[in-house]
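Asks: coordinates only, no sequence provided:
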């Protein structure tokens, strides 16, 4: 391949057949060369044997004297298409130019390899192609109506000595460019131009051949785009030596100029404004220059938007080409003259406002008696505005009841006055609005209270929906011309401006109601002066001095201002010292009496004195509290918490204001014994399953008491943590009567609580578990019998906690599992030995027959 590689010069395969007077282009290219990329070319011509130099790309003196004039005028020139290709262009070729043309390239290769020139034969034939149109010398002019048909004729013939084919193309000029309509190619195929494919397949555009080498263009259903100049373009083709088709010449002739008169559809009236109950008159005009027989089909459409398509619009009425009109009661369609069609809508309504347009189609008769639709157009929409007949009336709003205090009723009446020009098909509804009074710089917002629809159905707003359902706000229609708003119990949030809107509704032909007018009343202000509620509570102790066991008595006197018919509820509270374990927060709610004089015990937990506290109403504004058989533990500050209530809506009471009285102190001066409590355990660290003993020891100081004159309530608590940061858990309690109460336990351990001496109490935990650890302490409540025989409860005493630690006995915990494991391992080992012995003895025994060996003595090496 390396030795065969070399320069290759190529020209078309000849002979090249060309027509006299046409332009000839002969390409020449070179490949597989060395040297610079841009190559030079020389062209020579020979009629017989000798070659005459024509033109060169690199030597301006290369041209022979015979061709210098033609080369100088540009009739013969070289046109470079790339660095390695040029084209020889000969304009207006003549029979003398027939011969051999040689293209050669000067060598730029390092070694001479390949061919450096190539020849092609050019044959010049006479012009035998003639193209003509109609018999007239100039093109004819056709004036047609939209939807008509027309035919154009073109004649093309060739008497070329060579075997050539004709390519006929019909073209139309629209503007400055020619567009292909339909072609009959040199291969005998029909080819529609761009944009004419669908019309060609539908048969609206055809190309027919006739006698005497004629070609007819037939166009059916002509439209406005078919207007313009038409020409017939004919080209002559010949098959070359390489079996490819080559165009050798082309001619054209203008045939006709076609003008299409468009059919237009318009509505004679532009924008229309009519009054309700009047008639709407519209006329659809068809503009056409068609003089023959035709019929129009007209359809009227209605749409609420001018941009709606025909599929979205509503068909009002239609008339076909046989003048058959579709049925309608209030709408009629009539044929005024040949090109005008009138639409009449009687008794128009507001719903008839919108856009009207008509669609017209022109039908022409065919030879077989049938009708054919040639064109269809739609008019521009016409806006129709129907003005409603608004009734004339006024609205007056007044307040028949205005509140002077909170919870008073409010009633507003909205009246329709001076009603004029109303008909039987007019009805009125009302909408109520509220505006809250705001500072002058703020924007006042309106809130809808309620509205009525055309069926007089009440639709409450968000502000009043719940109160309307509860009956607190009532909307009613007192008379034909009067609507009422009543607020049963007016609150401060209802203060503001109120107004009503009366809406007039008109009934349409389809019995539907449409709002035609709104009239707003003037605002009515609902406001009353308010003052802050004032409540004063004074507590008085009736007996200045008393001792434990006597009755404590105090009264609470209440005075209020700016409260309408108030009632009071009273709550008695006590602030105990913080050492009181029954209430760590310090304040205890004892007893209460509500505004309906119902007494209730709150946090009074002394079951022995359920009837020991009494709260009663002495007067409307005075209440008395008694506490019988007072105990030392009752010491503290006592107050009256009073709430004033005013009548609210629906018979309910509304809380107005709260008041707190001055404190009354109960303080007992006593010189009795002082009790101390401690917790002791001989062994605070135990193992699981063992018994834990905890002692609660009470000691006394000061005045000595007999054991029968004192008693104790003992409660044991546990905190399951090291730092006392969790809630204590009650374990068990022993009251002064000896009744033991235990809390519910989840584990398997058990508790016992007993009194082992008058001042010692023992708690035992049987079968301790790990969850029994923690800080343990006891709380003791002493009871002392006074000289009068009354038992007095002392303050609770809490002992310092002791930490109980529960450990696990590792040896006892693992003793039984280890014994069981060793026993199982021994049994499994013996069983394995037994199975192995039995298998080797009986199951896997094999008789082995030994071969007999000869017994020979060794020989000495000397005898070998």
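Replies: Right, received. Where do you want to start? Since the structure is predicted, the reported quantities are computational estimates derived from the model, not experimental observations. Residues are numbered from 1 along each chain as shown.
Asks: all strands for the stretch 701-850 of the chain, in order.
Replies: Secondary structure of the stretch 701-850 of the chain (DSSP state E, counting those that start in this stretch): strands at 710-719, 729-734, 740-742, 750-757, 760-766, 774-785, 791-793, 797-798, 802-807.
Asks: and those strands, which one averages the lowest pLDDT?
Replies: Looking at the strands of the stretch 701-850 of the chain, the lowest mean pLDDT belongs to strand 791-793 (a mean of 81).
Asks: which one of the strands of the stretch 701-850 of the chain lies closest to residue 200?
Replies: Smallest distance to residue 200 across the strands of the stretch 701-850 of the chain (CB to CB): 101.2 Å, for strand 729-734. Placement of C-beta: from N, CA and C, glycine included.
Asks: circling back to that earlier point, how about TSV for the strands of the stretch 701-850 of the chain, with distance to residue 690 and mean neighbour count added?
Replies: Formatted as TSV, the strands of the stretch 701-850 of the chain follow (distance: least, CB to CB, whole Å; neighbours: other CB atoms under 10 Å):
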stretch	distance to residue 690	mean neighbour count
strand 710-719	17	21
strand 729-734	18	17
strand 740-742	20	13
strand 750-757	13	14
strand 760-766	9	17
strand 774-785	16	21
strand 791-793	37	19
strand 797-798	27	16
strand 802-807	9	17
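Asks: what about those strands, which gets the closest to residue 272?
Replies: So among those, strand 729-734 is nearest, using CB to CB, at 92.7 Å.
Asks: biggest helix in this structure by residues?
Replies: Assignment by DSSP state H gives helix 810-838 as the longest helix of the chain.
Asks: figure out how far stretch 696-705 is from the centre of its chain.
Replies: 79 Å (CA atoms, centre = their mean, to the nearest Å).
Asks: which stretches in the stretch 151-300 of the chain count as helices?
Replies: In the stretch 151-300 of the chain, the helices defined using DSSP state H, counting those that start in this stretch lie at 197-202.
Asks: how's this structure carved up into domains?
Replies: 7-125, 129-261, 264-387, 392-526, 534-666, 674-810 (the TED database).
Asks: who wins for proximity to residue 833 among those domains?
Replies: Taking these one by one with CB to CB, domain 674-810 is closest: 33.7 Å.
Asks: before we move on, back to that, dump the strands of the stretch 701-850 of the chain to JSON lines, plus distance to residue 233.
Replies: Output for those, formatted as JSON lines (distance: least, CB to CB, whole Å):
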{"stretch": "strand 710-719", "distance to residue 233": "113"}
{"stretch": "strand 729-734", "distance to residue 233": "112"}
{"stretch": "strand 740-742", "distance to residue 233": "120"}
{"stretch": "strand 750-757", "distance to residue 233": "121"}
{"stretch": "strand 760-766", "distance to residue 233": "121"}
{"stretch": "strand 774-785", "distance to residue 233": "114"}
{"stretch": "strand 791-793", "distance to residue 233": "130"}
{"stretch": "strand 797-798", "distance to residue 233": "122"}
{"stretch": "strand 802-807", "distance to residue 233": "116"}
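Asks: so for residue 365, which of the ones you listed sits nearest?
Replies: strand 729-734 (111.3 Å).
Asks: confidence-wise, which helix or strand of the protein is lowest on average?
Replies: In the chain, no helix or strand scores lower on mean pLDDT, DSSP states H and E than strand 264-267, which sits at a mean of 64.
Asks: nearest to residue 377, of the strands of the stretch 701-850 of the chain?
Replies: Comparing the strands of the stretch 701-850 of the chain by CB to CB, strand 729-734 comes nearest, at 97.6 Å.
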